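Chemist: quick one: sequence plus predicted model below, questions after.
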Amino acid sequence: MVEYVIIGNSAAAVGAVEGIRQRDNTGNITVISEEPYYAYSRPLISYLLAGTADDRKMAYRDAGFYKDNGVLLLLGVRAVSIDTVGKQVILSNGKMVAYDKLLIATGGKPFVLPMKGGDKKGIYTFIKRDDAEQLKSVAKCGTKAVVIGGGLIGLKAAEGLVKCGVDVTVVELADRILSTILDEQAAVMVQEVLEEHGINVILNDTVTEVIGDDGVSGVILKSGQSIECDMVITAIGVRPNTDVVANTDISINRGIKTDDHMCTNIEDVYAAGDVAEAYDIVYEDQRVTPIWPNAYMQGEIAGRNMAGDDAVFDSGFARNSIAFFGLPMITAGIIKPVGDDYEAVSTVQPEKMIYKKAVFKGNRLVGFIRLTDIDRAGILTGLIKDKVDISPFKDKLLDKDFGFVYMPKSYRKERLLGVKRK
Amino acid sequence: MISYVLPEFLVMRDENRCIQCQVCVRQCANDVHYLDEKDGKVKADDAKCVNCQRCVTFCPTHALTIIPNPQEFKANANWTKKAITEVQKQAESGAVILTSMGNPQEYPIYWDKIVLNASQVTNPSIDPLREPMELKTYLGRKPDKLEFDEKGRLITKLTPQLVLNVPIMFSAMSFGSISLNACESLARAATELGIYYNTGEGGLHSSLYRYGKNTIAQVASGRFGVHANYLNAGAALEIKIGQGAKPGIGGHLPGEKVGAEVSATRMIPEGSDAISPAPHHDIYSIEDLRQLIYALKEATNYTKPVSVKIAAVHNVAAIASGIARAGADIIAIDGFRGGTGAAPLRIRDNVGIPIEMAIAAVDTRLKEEGIRHQVSVVAAGSIRNSADIIKAIALGADAVYIATSALIAIGCHMCQKCNTGKCNWGIATQDPQLVKRLNPNIGARRLVNLVTAWEHEIKEMLGGMGINSIESLRGNREMLRGVGLTQKELDILGIKAAGE
Amino acid sequence: MKRVYALEEYCVGCRLCEINCIVAHSQSKDIIWAFKVEEPRPLPGILVEEARPISFGLQCRHCDDAVCIKSCITGAMHRDERDTVVCDTDKCVGCWTCIMACPYGAIKANENDGKVVSKCDLCPDLSQPACVSHCPNEALIYVDRG
Ligand SMILES: Cc1cc2nc3c(=O)[nH]c(=O)nc-3n(C[C@H](O)[C@H](O)[C@H](O)COP(=O)(O)OP(=O)(O)OC[C@H]3O[C@@H](n4cnc5c(N)ncnc54)[C@H](O)[C@@H]3O)c2cc1C
Ligand code: SF4
Ligand code: SF4
Ligand code: SF4
Ligand code: SF4
C-alpha cells in the first residue's frame, strides 16, 4: 500500500487528495497542516473580516471530507524538513512520517518589508484565517489603518476594514493599484470606486517607517508624508513558502521547480500550488501563479501522478475574478503587453464602469480584462487555455453577445456536441 | 398617398396573460410584434399581420388571439368587404393581385354533397381489425390481356408500375416554392409510408436523391433542373401541363427565392427569376405530347411510368382521352381548388372546374372508349380527409395526390401568403432563418401520422361497405349517393340521388 | 451521463427554453405567477446564442473534468449524486471565479438572489429538463453520449 504524504492543507492539498482518490482508493494519505483548521477558503478571509462569511462558508470541503477520503490529518503540526533519501518528513513535534510519494503544498508566505519600526505591535499580515480574526478584533469603528500594498490582498483587506468602519489608507509603490491584473485605464476606474467608498489611495509611494511607542501610532512614507494610524497591514505580496525544502536537494528557483507532471527534480517528490513554479502557457516559461484554481489543479494533477497516472498540467496561467464594493472584474493572462509581438484592443463605457480589453499574440488570445461586464468571460479564458486560433472572430471578442455562435461551425460543433470536455 | 386598405386582422393581446417574453416578437417574420422600449411592453402593428398564427401557437401563455378586423362597410350583398378591398388594393398598386394556396371562394364542394354506402344485413360489413384489408395500389398502364405459356408462366410483358401501400401521394411542390426542409419531410414520409412524393418543377436537390425510390420527378415547361440523372433518379416521371390553381398560366419564382441551393438545383443563376412559360414550347398537340412522353421513356429506358398532369378544365374528359392515347401511364388531374405557391387571384378564383366532376367525367369517358385500363387516374386538388379519398376513388380515381393537407400537417396555417416568401412556418420560404423552423424529423413524423390515420379510416369505411380491397371500390359509384344535387350534376357524377 | 445537446439547424430562436427554465425553477411552476408575481425571478440556466440565422441553446455541459468545480474558491460548486454539476448557493459568495473559468459561459451571476451563481441543474425534479420538453422544434435533445 502506498504511503502518500502531503505537506499543507489548502487548495493544492485538497486537489491532491481528490486526485489520488481518482485512482487509488486504498493507499494511506497523511496531510500535515501547520494551521489548526480543516481546509478553509483562504480567499474568504476578507469576507470573514467584513463579516459576510461564517464557518459554513469558510469550510472548503464538508466535515466528512478527510474521513470519507481516508485521510490522516495532522493539524497544528509543522513539517520541519524532508529526508529525501530516507523518504521521510520530519515534524515540528519531533516525529517522522515516512512517505512513498510526497507532495509539498506549503503555499505562500508574506513578503516582509524592511522598514524601521517593523516590530511594533499593531502590524499585521493578511494571509491566514488567524490574521483575519486578529484584525477583526482590533478593527473597530473609527480606528485608522494603513495598508501597505495595493494588490489583491491589500485591497481585499482594505475593503474588509472599511466595512468594519475603519478609516483606511492604501499605500502602493507602483503607479496604479492592482498592477498585476489591471492596466492603467482599468486601475483608474477601480480606484475611483475605492475612493468613493472612503479608501484613501496613495500611489508611487511606500512606508519607510512605522512610528509609535509600543504600538503603532502612524507611518512615515518615502515621500516624507506621515499618516496617523492605529494599525498597519503589510500586503506587498506573497512568495513561495519553501522553508521546508531548505537544506534538501529539491531545486528551487522562485518557487519549487516542477516538470509538467508537477514532479520536482527528486523522484516521488511533487510540489503544487503557491509554492510551486510551473509552466505558464501564455508567458511560455516557468512561473509561480499564486491563484486558487491553479493550486487546486496542480494539486490534482500531482495527486493523480502520485497515484500512477500520466497527467500533464497544461492550464497554468494567471486569471483572477475579484470584486470591490460590488464592482466585479475578471482578468487573465497578459493584460499589459510589452513588445511588438502583441496587439491589444479595448472598449470603455465610463458611465457604466465597463471596460474590456483583449490582448493578442498572433492569432491567439493571451489575455483580457473585463470590468463590470463579466458575463461569460470564461469563454475567453477557454480560448486562452485551448490556444484557439481566434482570427475568424477576433473582431467580435469584445461584443456583448460574443459566444460560440461567432466561432467556426466545426469548432462549435466539436465543443457543443462533443462527448467530453477534456 | 394614404392607404385606404384597412388592416385585415387585429392582434388581441390579453395583458393579464402576456409576460412580455417576446416570443411573438422573435417568431413573427412580418415584424408585427415589437417591444416598446419606453414602457417595456410588447405591442403589435396589426396592419402587417397575415393571421398565420405562428405567434398564437408559440405564445407560452396563450395571450394572443388574431381576429378579423370587425370594421365593416355599409351592408351590401354585392359590394362585399372583399370586393371593395380588392378594388382599393389595385387602385393603390396598379398591379395584378397575387395570392397563393387554393381557390377559397364559395363554390359547391361536391365531396360534401356525396354520401357513402354501408352494408346492412344482406352483405355483411368487414372489421378491418380482424380481417385483411388491401389498400395496395398499382399505378401505370395495365395490359389489354394477360398471356401465359403452356407451363402457365406469364409471357405478357408488363409495363412498369408504381406500387403504393395507400392510395395517397404527395403532390408536386417544387423546391423553391417550398423549402428544402419541407421537401425532405415529404420525401422521408413517402419513403416510410411506401408511397411517393412529387418533386414539382424545381429539380431535385442533391440531398434528396437518396429518396429516389419514392420520388416522382416532374418535368414542366421551364425544364428547371432537368437532366439525365434527374430523370433517372425517381420511380416515375411526370409531365406537368397544368395546375388546378392556375390553369393556362405559367409559373414565376421570384429571384429573391433563388438562393444558392435553389439555383444549383434548378440550374439557373442565383437571384434570377425562374419563369415557367404557360405552355411547353414544344407541345402544341397530342402528337407533340406523345413525343415528349416517349422521349422521357427512351431516356429512362422504359423503366419508369410517365404521368401527365393537367388542370381540370371544361373539356377535361376529351383531353384525358388524348393523353391516354399519347402513351401516358398515369393522368393526374388537378381540380380548381388545388393549391399553389403563387397565383394571380383572379385566375385562382375563377378558372377551372371542380375535381369531383372532372374525375367522374374522365373515368366515364375512358371506360366508354375502352381504354380505362391503359392509364391510371390520380385525383388532386383539395383532398381534405379520408372520406374525400374514398369518394374520389369511388368516382373513378386510382389514387389521390394531396398537397394542401400535407402542408397543413407540417404547419401551414393557410394564411395564403406563400408568395411573399415569409412563411412563418418554414414551408413556403427560402429564408434560412425561417426554413429551420421546419424540422424534417417532425415534419416527416406528422405526415406519417396523417396518412396512417387516413389509412385506418379508409379501411374502416371500406369495411363498412363490405369491401376488403381498394381495387373493388375504384369507379364503384354504386357506393355513392348525392344529396342536394341537381339531376344534371348527378348525371355528370354518375351517381344516384340519396334514397334511389 | 445524459446531457442536453443543441441541434442548431433546428433552433428557431424563440427562447421558449429560457422561459420554461425560469418557470421550472420558480416557486409556483406557473408561468404567469413566475413572471408576473414572484420575486426574485430565477435566471434561466440555458442561454440562447443567436446571430441570425444561427441560433442554439447552450447550458452547462456538466463536464466530466469540470473546471468550475476545480476553480471554485469556496467549494460551493460541486457534483451531486446524479453527476450533475450544481452550486450550493448557501456556500457561494458570488466571487464569480467559476464565471471566469467556465469555457462555455454557462454560469450566470445572479444579482437578484443575494449574489450567487445560477446555472443549469438539469431539472432534478423533472423526468426531462424543462428546456428540452418545451423546445417546440426538437432543437434540444437529452441523450447519453458518454
Ligand atoms: C486574502 C487572500 C485573498 C485571496 N483571494 C484569491 C482569490 O480571490 N482568487 C484566487 O484565485 N486566489 C486568491 N488568493 C490566493 C489563494 O488563496 C492561493 O492561491 C491559494 O490559497 C494557494 O493554495 P495552496 O494550497 O497552494 O497554499 P496555501 O493556501 O497558501 O496553503 C498552504 C498551507 O500549508 C501550510 N503550511 C505551510 N508550510 C507548512 C509546513 N512546513 N508544514 C505544515 N504546513 C505548512 C500553511 O499553514 C497553509 O495552511 C487569495 C489569497 C489571500 C491570502
Ligand atoms: S409571446 Fe405571448 S406572452 Fe410572450 S410577449 Fe408575446 S404575447 Fe406576450
Ligand atoms: S403574421 Fe402571423 S406571426 Fe405575425 S402577428 Fe400575424 S399571426 Fe402572428
Ligand atoms: S426552445 Fe428550442 S427552438 Fe426555441 S430557442 Fe430554445 S432551443 Fe431554440
Ligand atoms: S459550469 Fe461550465 S465548467 Fe462547469 S460543468 Fe458546466 S460547462 Fe463545465
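Modeler: Great, that's in hand. Predicted model, so just to flag it, every value in this text is computed and none were measured. Ligands and ions are numbered 1, 2, ... in the order given.

Chemist: hey, let's count contacts and neighbours off CA atoms from now on
Modeler: Fine.

Chemist: for whatever residue of the stretch 101-250 of chain B ends up closest to ligand 1, which non-adjacent residue is spatially closest?
Modeler: Ligand 1 sits closest to residue B:181 of the stretch 101-250 of chain B, with a gap of 49.2 Å, by C-alpha to the nearest ligand atom. Excluding the flanking residues, the one nearest residue B:181 by C-alpha to C-alpha, 6 or more residues apart in numbering or on different chains is residue B:440, at 5.5 Å.

Chemist: before we move on, what about residue B:415?
Modeler: Sequence neighbours aside, residue B:52 is the residue nearest to residue B:415 in space, at 5.1 Å (criterion: C-alpha to C-alpha, 6+ apart).

Chemist: that neighbour contacts residue B:413, correct?
Modeler: Yes - shown here, residue B:52 and residue B:413 form a contact pair, counting by C-alpha atoms under 8 Å, at 5.5 Å.

Chemist: which one of those two is surrounded by more residues?
Modeler: residue B:52 (21 against 18; other C-alpha atoms under 10 Å in any protein chain shown).

Chemist: got the confidence number for that one?
Modeler: As predicted, residue B:52 sits at a pLDDT of 97.

Chemist: what is the distance between the lowest-mean-pLDDT helix or strand in chain C and the centre of its chain?
Modeler: Among the helices and strands of chain C, strand C:116-118 carries the lowest confidence by mean pLDDT, DSSP states H and E, at a mean of 87. From the chain centre to the centre of strand C:116-118 is a distance of 11 Å (C-alpha atoms, centre = their mean, to the nearest Å).

Chemist: stretch A:37-46 now?
Modeler: Relative to its chain's centre, stretch A:37-46 lies at 12 Å (C-alpha atoms, centre = their mean).

Chemist: same question for stretch B:474-492.
Modeler: With C-alpha atoms, centre = their mean, you get 24 Å for stretch B:474-492.

Chemist: buried residues, it. List them.
Modeler: The neighbour-count check on stretch B:474-492 (16 or more other C-alpha atoms under 10 Å in any protein chain shown) flags B:474, B:475, B:477, B:479, B:480, B:481, B:482, B:483, B:485, B:490 as buried.

Chemist: doesn't residue B:395 make contact with the third one?
Modeler: The one in question is residue B:477. Yes - using C-alpha under 8 Å, residue B:477 makes contact with residue B:395 at a distance of 5.7 Å.

Chemist: any common contacting residues for those two?
Modeler: Shared contacts of residue B:477 and residue B:395 (C-alpha atoms under 8 Å, 6 or more residues apart in numbering or on different chains): residue B:494.

Chemist: what about chain C, any weak spots by pLDDT?
Modeler: Within chain C, the stretches with pLDDT under 70 are C:113-114.

Chemist: again, only using 90
Modeler: Scanning chain C for pLDDT under 90 picks out the ranges C:110-117, C:145-146.

Chemist: and residue A:253, how many neighbours?
Modeler: Using other C-alpha under 10 Å, residue A:253 has 13 other residues around it.

Chemist: what does residue B:75 give?
Modeler: 9.

Chemist: and it, what pLDDT?
Modeler: 94.

Chemist: look up how far residue B:81 lies from it.
Modeler: With distances taken as C-alpha to C-alpha, to the nearest Å, residue B:75 is found 9 Å from residue B:81.

Chemist: do residue A:78 as well
Modeler: 95 Å.

Chemist: next: residue A:267.
Modeler: Note on residue A:267: its distance to residue B:81, by C-alpha to C-alpha, is 93 Å.

Chemist: between those two, point out the one with more neighbours.
Modeler: Neighbour tally, residue A:267 and residue B:81, criterion other C-alpha under 10 Å: the higher count belongs to residue B:81, 15 against 12.

Chemist: centre of the chain to stretch A:345-353, how far?
Modeler: 27 Å.

Chemist: I'd like the average pLDDT over it.
Modeler: Rounded mean pLDDT across stretch A:345-353 is 96.

Chemist: give the buried residues for that stretch.
Modeler: For stretch A:345-353, by 16+ other C-alpha under 10 Å, it's residue A:353.

Chemist: now do stretch A:109-118
Modeler: Residues of stretch A:109-118 classed as buried by neighbour count (16+ other C-alpha under 10 Å): A:109, A:110, A:117, A:118.

Chemist: where is the longest helix in the chain?
Modeler: You didn't pick a chain, so chain A it is. helix A:292-306 (DSSP state H).

Chemist: my question was about chain C, not that one.
Modeler: Chain C, longest helix under DSSP H: helix C:16-24.

Chemist: do that one and ligand 4 meet at all?
Modeler: Yes - interface with ligand 4: helix C:16-24 contributes C:16, C:17 (C-alpha under 6 Å from any ligand atom).

Chemist: run through the neighbouring helices and strands of that helix.
Modeler: Other helices and strands packing on helix C:16-24, by 3 or more C-alpha pairs under 8 Å, 6 or more residues apart in numbering or on different chains; DSSP states H and E, are helix C:31-36, helix C:130-134.

Chemist: most packed of those?
Modeler: Most buried of these by mean neighbour count (mean count of other C-alpha atoms under 10 Å in any protein chain shown) is helix C:130-134; its value is a mean of 22.

Chemist: that one and chain B in contact?
Modeler: No - judged by C-alpha under 8 Å from any C-alpha of the partner chain, helix C:130-134 and chain B are separated, with a smallest distance of 9.6 Å.

Chemist: next secondary structure element downstream of that helix?
Modeler: strand C:140-144 (DSSP states H and E).

Chemist: can you list the strands that that following strand pairs with?
Modeler: Strand C:140-144 has the following strand partners under DSSP bridges: strand C:2-6 (antiparallel).

Chemist: which residues touch the partner strand?
Modeler: With contacts defined as C-alpha under 8 Å, 6+ apart, strand C:2-6 is touched by A:416-417, C:56-59, C:61-62, C:132, C:139-146.
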